[in-house]
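Enquirer: Okay, predicted coordinates and the sequence, questions at the end:
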Protein chains: 4
Amino acid sequence: MNSILQEFGRKLRLGIIGGGPKSFIGPVHRMAARMSDCYTLTAAVLSSDPERSVHLANPLGISKDRAYPTWEAMLEAEKGRKDAIDVVAVMTPNDSHYPICAAFLDAGFHIICDKPLCNSLHHARDLVQKASSGNQIFCITYNYSAYPMVRQASAMVAEGIIGEIRQVHLTYVQGYLATRSPEEDQAWRLNPQKGGPSLVLGDIGTHAFHLGEYVAGLQVRSIMADVGPTVPGRTAHDYVSCLLRFENEARGSLWVTNAAAGAEHGLSFRIFGSLGGLEWHQEWPNQLRHRQLKGFEQIMTRRRDGTLSAAAESSTRLVRGHPEGYHDAFANLYREAAIAIAAKEQEIYNRDLATYPSVQDGARGVEFIFACLESQRTGCWSQL
Amino acid sequence: MNSILQEFGRKLRLGIIGGGPKSFIGPVHRMAARMSDCYTLTAAVLSSDPERSVHLANPLGISKDRAYPTWEAMLEAEKGRKDAIDVVAVMTPNDSHYPICAAFLDAGFHIICDKPLCNSLHHARDLVQKASSGNQIFCITYNYSAYPMVRQASAMVAEGIIGEIRQVHLTYVQGYLATRSPEEDQAWRLNPQKGGPSLVLGDIGTHAFHLGEYVAGLQVRSIMADVGPTVPGRTAHDYVSCLLRFENEARGSLWVTNAAAGAEHGLSFRIFGSLGGLEWHQEWPNQLRHRQLKGFEQIMTRRRDGTLSAAAESSTRLVRGHPEGYHDAFANLYREAAIAIAAKEQEIYNRDLATYPSVQDGARGVEFIFACLESQRTGCWSQL
Amino acid sequence: MNSILQEFGRKLRLGIIGGGPKSFIGPVHRMAARMSDCYTLTAAVLSSDPERSVHLANPLGISKDRAYPTWEAMLEAEKGRKDAIDVVAVMTPNDSHYPICAAFLDAGFHIICDKPLCNSLHHARDLVQKASSGNQIFCITYNYSAYPMVRQASAMVAEGIIGEIRQVHLTYVQGYLATRSPEEDQAWRLNPQKGGPSLVLGDIGTHAFHLGEYVAGLQVRSIMADVGPTVPGRTAHDYVSCLLRFENEARGSLWVTNAAAGAEHGLSFRIFGSLGGLEWHQEWPNQLRHRQLKGFEQIMTRRRDGTLSAAAESSTRLVRGHPEGYHDAFANLYREAAIAIAAKEQEIYNRDLATYPSVQDGARGVEFIFACLESQRTGCWSQL
Amino acid sequence: MNSILQEFGRKLRLGIIGGGPKSFIGPVHRMAARMSDCYTLTAAVLSSDPERSVHLANPLGISKDRAYPTWEAMLEAEKGRKDAIDVVAVMTPNDSHYPICAAFLDAGFHIICDKPLCNSLHHARDLVQKASSGNQIFCITYNYSAYPMVRQASAMVAEGIIGEIRQVHLTYVQGYLATRSPEEDQAWRLNPQKGGPSLVLGDIGTHAFHLGEYVAGLQVRSIMADVGPTVPGRTAHDYVSCLLRFENEARGSLWVTNAAAGAEHGLSFRIFGSLGGLEWHQEWPNQLRHRQLKGFEQIMTRRRDGTLSAAAESSTRLVRGHPEGYHDAFANLYREAAIAIAAKEQEIYNRDLATYPSVQDGARGVEFIFACLESQRTGCWSQL
């Protein structure tokens, strides 16, 4: 067991906001918390309908007095408790991320928040500022970067194993919106007021963008984007393709869509440097392909035998040949946030513990969204 | 949430025996219990060293009075408690499965037990008898059969989608014993007194055998086996290859080894019937290949959208494109055992709940081991 | 045997220009001609060094009087012969394609020419004009479009099986120029005077572009391109990434490079329509992945049993399970050009015979090159 | 060009027997001869119907006087010619291989013959004897062993790269006989009088067996086989599964069938030694997977850049990334037989030229067939 957690001496008390019965991501967050074994699910707001919210908390084992009707009520009540929650996990529609996170940061709570961070650049910068001045942990759940073999790729790039980065190619090709349906008009995700200015960019684009910057260890400096709807009758964006230039002049591209008929997931990166390349596909997350200038391609596999980087080993639980999946990676973020929070609370935090995506990474995602939209409007490259 | 569990009204109290610090499978069992969200880890025996056993329980959140020095102490104490554990999970060396399971069955507890069930045919039959007469749940953790796409294969065969079964081909090709090391002489697994008469058969052979019978929905009737060591200087068996005949005259073969240098896991089945075939590999568990007499091969993928069988859908949690892994499948067994136990306790159990591998399946594994050994001895086909 | 060829009654007499000892593509053309069984290799110019040219022809079985020192000599001599060659195959450096093809077209010969067609738009249009007015066959060896499963994809799109085309994604990711070497300054390919204005666009970009237009059955109307060198110290372009808009407003992207360290070939397409998608990778050319809105992905495989389109079946020779490769596809072009030529000569040509890429397709490639360069210069979208 | 062929100064004159219009393998042999560029198709017997045989030869470019009605006529006529054929390629039903090959060997011709060599052990030994005493080249077309990456595997084993061989696993899983059809009763292949005593063993089993012995560089010494029909109503064998013991005590197994519904080809080997393992699948012939005791799996790919063994490089024509297929491998045998024949004729033959499968390899296949049948009869292991 991690020594920081052991020293802390108890599990963290977790409050959750959002993730009710129809949610995909709600059960994932709760599963991740259980898998990490670092949290007690203590308080919850499970619906925007106050009565329903209270009703839904009981089957999750939450005591009656901490099943709250609204997030404001949770904030108010928990602030006053000796045994207050330590951290709040936010998995509500995108437009509410900002007010909730801002209020809980102001009250001194740590945060775990779904992507995208929020729907405006102004709000993003404000959250970065609040988390920084409050000295709080803020983990944004770019969960794909928590797969061990993505960590491995990032470590290999950092160690220079593929040399100076020259080309980065990112895809995220889903099909769940390949057909227009009448119901989609009701979905908060496709409603710009709630989901944000661009469905595809906020929903999955920021995942791919973060993956690219994370693995390359480089920031994108300019973007040329083609973003819009591809399905007749839809106004929400379901497609984006970008040309990218990184801070070191490396070039790249990105193709992200929710509207590729029959596609399942399709999140991938291919990154090439002066000495080789790495390729990873989320649908087969336990493998990382390593190509080299000379010699043959290697299929690197997830394992715990000392052959992978420390970053990869510490984020895997199973020995070779036993596949890990989406839940395992998501649980890594919960575990790492817990360690960071326990360290903060014991005033032994240091930057090496910032292995999870931060509020700054969340803000980068919002910058990416707005740079794409500006490029689309002008037909030219945008800076970010 | 499952209505039987909801009606039961509380989580099951779980006692664990085995799975201490050096164990691979111990953390897996505990993770599975947490993921299932059906258990409270209540009592434990974590080492054959009584003092150590007690010491190790605390970090797992077990109260002092239920951190037991020995399984006999646990049995004695729990029998007398009002809030006794409901179920005991056994993950000790193979030779202790029988005494522990027999004693806990006699005392009325439900059981979750690692494979192989035990080291003799006589003991196997006795456990079947005890579980049956005691009307208790006994789940043996042939966890690979709990992957959703294995469930899907089994359902497709049962529905006749690939027709009458004609050929079955099973492999389990690992490499962790490819080289002889001095330490292996200390390992209980390679010691026939503890691990059983055949390392490869008990350690992984029963997994492959169960997978074959489970997916085919047929029992093997005769076996011709070549089993033995392949690494110089080793006497423990690290290789078995079999010819199989099933009850319906279908033919098959099986290749299982721990000594294939560089191999990772390699558990797979290929099964062909009169109308098509199915192929699955544990290292890519979210896919099932379906070949058909006419037309093209389909890559069936794990999902929850109504296109898979009920058995597959009820054993998956994530939507398409989001991989599940080893932990998720193992957690399925824990969840299904919990539902069955809760049903037994409420006297609403019915056979449809027996979706987990049973003590009978465990006994089949022991029969398989002894049939292989007999065939090896005689050089002829053995019946089972 | 094809009835048009049978009626023609003899093999075509083939003259080759280029493809000497160091050439990769020379032996490929000659192999393709032999495999097609439609040609007699009759005349050759095998080097820009006249003496060497004559010397090299003998081992290829060419009679002394038709081993020419220069293409001009070949043209002059063959024009006057009763048994003149029927067709000339041009596989010289790019800058000589135009003068050679123009002269042989003027003299009434049919042409098989390597890509890119030539190095200027003006020349491209002139060749289109000459071939058209001369009523001659002009096949450009975009050989990748001759793989049976690419033909199958094209036929499926044309039949509407994946619906209205919405997204097209093309890649061609090679690594042979990942490192700068002093010798590359001598290579004609990297010399703009000989290889044309952009190495990557002329060398492999036109292959990917043609593949996209061929399979989609649609023309690209606008392009936003980022093209340039990625390897320090190189001025020749080794990278291009494009955003594409097709005539029907479908969107797309293209990533082509010769400088991805460790990459082998990487030519692929992924095309999605309203009803499904198709994916193909040249390194596994016998498979075509077909995704559908509902249901599972199919792995369509090359075969000759009536399940594929006529276009696919007529371009394959082997039954299922027996892989075909690069040579087989290249030979398809030679065979189809031979049938078309034999038809022209017998005045029974019709457009259904134009299954090979034509001079117009060659000219599209040149338009693509110049549109990319214009876009790079302006930083804006270019039309084509 | 190969110096032995160059020295020989002319193409070999090839006579073919069999391979008429309905044949799959006939066009393959002729394609292979053309691809090799070493033969002139000079004489033919294309049907067992004499009139038809003569008629069919013309479209293949064979002159009238060498289009023979029967193989006896060909033998008689060619024996007397100054410009007689050098080599005869035999692709007739299995029962005629012996009389044809025996007669042509006796007359001093070299032979290329389809597998299986013949239908009896006695005949097999006689052909070995005749070829040896006549000092003639006899190539049996176990074409799968001519893929470059199979050659690479064989070379790696011979060099000790995977150490001492311990386990060999072979499969050949086809589906073309998955359903019984009335027409199959007419097929010579299923008729023991013509096809030999066991359809599956003669048709494809010898391919898999040869592949195993070739790559392992070891002979099988004992076999336990289960062979028979799996499709109701069929008496011809469509299934065999074997346990194998090699001369060095390595163990193995083999699964070969023509009756796996929906399967395409499925020829593969997996071979493990003390230091690693190799895996190859004919459907993706350009890749060879190399696993190692330590480190990651490598995907070795066909190429010509000095990184593969001499045996692999000399049997490939294309640079990396450009797939070769079935025809290319078959053509390797024709080329290598031509070199050996040209060397024999010039009396410069040496054993290093015996890179093609020989008449001894053909006889091993026949021994394999009869050992399997004996084992099936006795239910015990057979020696070979």
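Expert: It's in.
Enquirer: going forward, measure contacts between C-alpha atoms and count neighbours the same way
Expert: Noted.
Enquirer: Outside of the strand or helix carrying A:Ala329 itself, which residues are in contact with it?
Expert: Using DSSP states H and E, the element containing A:Ala329 is helix A:326-345. Under the contact criterion C-alpha atoms under 8 Å, 6 or more residues apart in numbering or on different chains, helix A:326-345 has outside partners A:2, A:4-5, A:8, A:12, A:28-29, A:31-33, A:35-39, A:110, A:112, A:136-137, A:139, A:141, A:143-144, A:146-148, A:315-316, A:349-350, A:353-356, B:322-324.
Enquirer: Output that helix as PDB, nothing but the C-alphas.
Expert: Extracted C-alpha coordinates of helix A:326-345, given in PDB (Å, rounded to 0.1, in the frame of the first residue of the first chain):
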ATOM      1  CA  TYR A 326     -11.100   1.100 -19.200                       C
ATOM      2  CA  HIS A 327     -12.100   0.700 -15.500                       C
ATOM      3  CA  ASP A 328      -8.500  -0.100 -14.500                       C
ATOM      4  CA  ALA A 329      -7.200   3.000 -16.200                       C
ATOM      5  CA  PHE A 330     -10.000   5.200 -14.700                       C
ATOM      6  CA  ALA A 331      -9.200   3.800 -11.300                       C
ATOM      7  CA  ASN A 332      -5.600   4.900 -11.700                       C
ATOM      8  CA  LEU A 333      -6.700   8.500 -11.700                       C
ATOM      9  CA  TYR A 334      -8.800   8.000  -8.600                       C
ATOM     10  CA  ARG A 335      -5.800   6.400  -6.900                       C
ATOM     11  CA  GLU A 336      -3.400   9.100  -7.900                       C
ATOM     12  CA  ALA A 337      -5.700  11.900  -6.900                       C
ATOM     13  CA  ALA A 338      -6.200  10.200  -3.600                       C
ATOM     14  CA  ILE A 339      -2.400  10.000  -3.000                       C
ATOM     15  CA  ALA A 340      -2.000  13.700  -4.000                       C
ATOM     16  CA  ILE A 341      -4.900  14.800  -1.700                       C
ATOM     17  CA  ALA A 342      -3.600  12.800   1.200                       C
ATOM     18  CA  ALA A 343      -0.200  14.400   0.700                       C
ATOM     19  CA  LYS A 344      -1.700  17.900   0.500                       C
ATOM     20  CA  GLU A 345      -3.600  17.300   3.700                       C
END
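Enquirer: is chain B contacted by stretch A:23-31?
Expert: Yes: counting by C-alpha under 8 Å from any C-alpha of the partner chain, contacts between stretch A:23-31 and chain B involve A:Met31.
Enquirer: Now do that stretch, average pLDDT.
Expert: When pLDDT is averaged along stretch A:23-31, the result is 97.
Enquirer: got any ranges where the stretch 51-200 of chain A has weak pLDDT?
Expert: Regions of the stretch 51-200 of chain A meeting the criterion pLDDT under 70 are absent.
Enquirer: quick one, strands of it?
Expert: Listed in chain order, the strands of the stretch 51-200 of chain A (DSSP state E, counting those that start in this stretch) span A:87-91, A:110-113, A:138-140, A:165-173.
Enquirer: which secondary structure elements does the shortest one contact?
Expert: With contacts taken as 3 or more C-alpha pairs under 8 Å, 6 or more residues apart in numbering or on different chains; DSSP states H and E, strand A:138-140 sits against strand A:110-113, helix A:359-378.
Enquirer: hmm, back to that, redo the strands of the stretch 51-200 of chain A as CSV? Include mean neighbour count.
Expert: CSV is the format used below for those (neighbours: other C-alpha atoms under 10 Å in any protein chain shown):
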stretch, mean neighbour count
strand A:87-91, 26
strand A:110-113, 28
strand A:138-140, 28
strand A:165-173, 24
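Enquirer: Assign the residue of chain A found nearest chain D to helix, strand or coil.
Expert: When distances are taken as C-alpha to the nearest C-alpha, chain A approaches chain D most closely through A:Gln298, which lies 4.4 Å from it. Under DSSP: H, G, I helix; E, B strand; the rest coil, the three-state class of A:Gln298 is strand.
Enquirer: Output the set of residues of the stretch 251-384 of chain A in proximity to chain D.
Expert: In this structure, the stretch 251-384 of chain A approaches chain D at residues A:Gly295, A:Phe296, A:Glu297, A:Gln298, A:Ile299, A:Met300, A:Thr301, A:Thr307, judged by C-alpha under 8 Å from any C-alpha.
Enquirer: State the number of residues packed around the nearest residue to the third one once chain neighbours are set aside.
Expert: With C-alpha to C-alpha, 6 or more residues apart in numbering or on different chains as the criterion, A:Glu297 has its nearest non-adjacent residue at 4.5 Å, and that residue is A:Arg291. When counting by other C-alpha atoms under 10 Å in any protein chain shown, one arrives at 25 neighbours for A:Arg291.
Enquirer: what does the stretch 101-250 of chain A have sitting close to chain C?
Expert: That would be A:Arg166, A:Gln167, A:Ala178, A:Thr179, A:Asp226, A:Thr230, A:Val231, A:Ser241, A:Cys242, A:Leu243, A:Ala250, which are the residues of the stretch 101-250 of chain A within reach of chain C (C-alpha under 8 Å from any C-alpha).
Enquirer: Next, find the distance separating the third one from chain B.
Expert: By that I understand A:Ala178. 15 Å (C-alpha to the nearest C-alpha, to the nearest Å).
Enquirer: residues in contact with that residue?
Expert: By C-alpha under 8 Å, 6+ apart, the residues touching A:Ala178 are A:Val231, A:Asn258, A:Ala259, A:Ala260, A:Ala261, A:Gly262, C:Ser274, C:Leu293.
Enquirer: So which of these wins on neighbours?
Expert: Counting neighbours by other C-alpha under 10 Å, the top entry in the contacts of A:Ala178 is A:Ala260, with 34 neighbours.
Enquirer: thinking again about what came up before, now the two most distant members of the residues of the stretch 251-384 of chain A next to chain D.
Expert: Longest distance between any two of those is 19.1 Å, between A:Gly295 and A:Thr307; criterion C-alpha to C-alpha.
Enquirer: which helices and strands does the host helix or strand of A:Arg289 pack with?
Expert: In this structure, A:Arg289 sits in strand A:287-292 according to DSSP H and E. Judged by 3+ C-alpha pairs under 8 Å, 6+ apart, the packing partners of strand A:287-292 are helix A:148-158, strand A:276-281, strand A:297-301.
Enquirer: Let's have those in CSV, adding distance to B:Ser382 and mean neighbour count.
Expert: Below are the helices and strands packed on strand A:287-292 laid out as CSV (distance: least, C-alpha to C-alpha, whole Å; neighbours: other C-alpha atoms under 10 Å in any protein chain shown):
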stretch, distance to B:Ser382, mean neighbour count
helix A:148-158, 46, 24
strand A:276-281, 46, 24
strand A:297-301, 39, 22
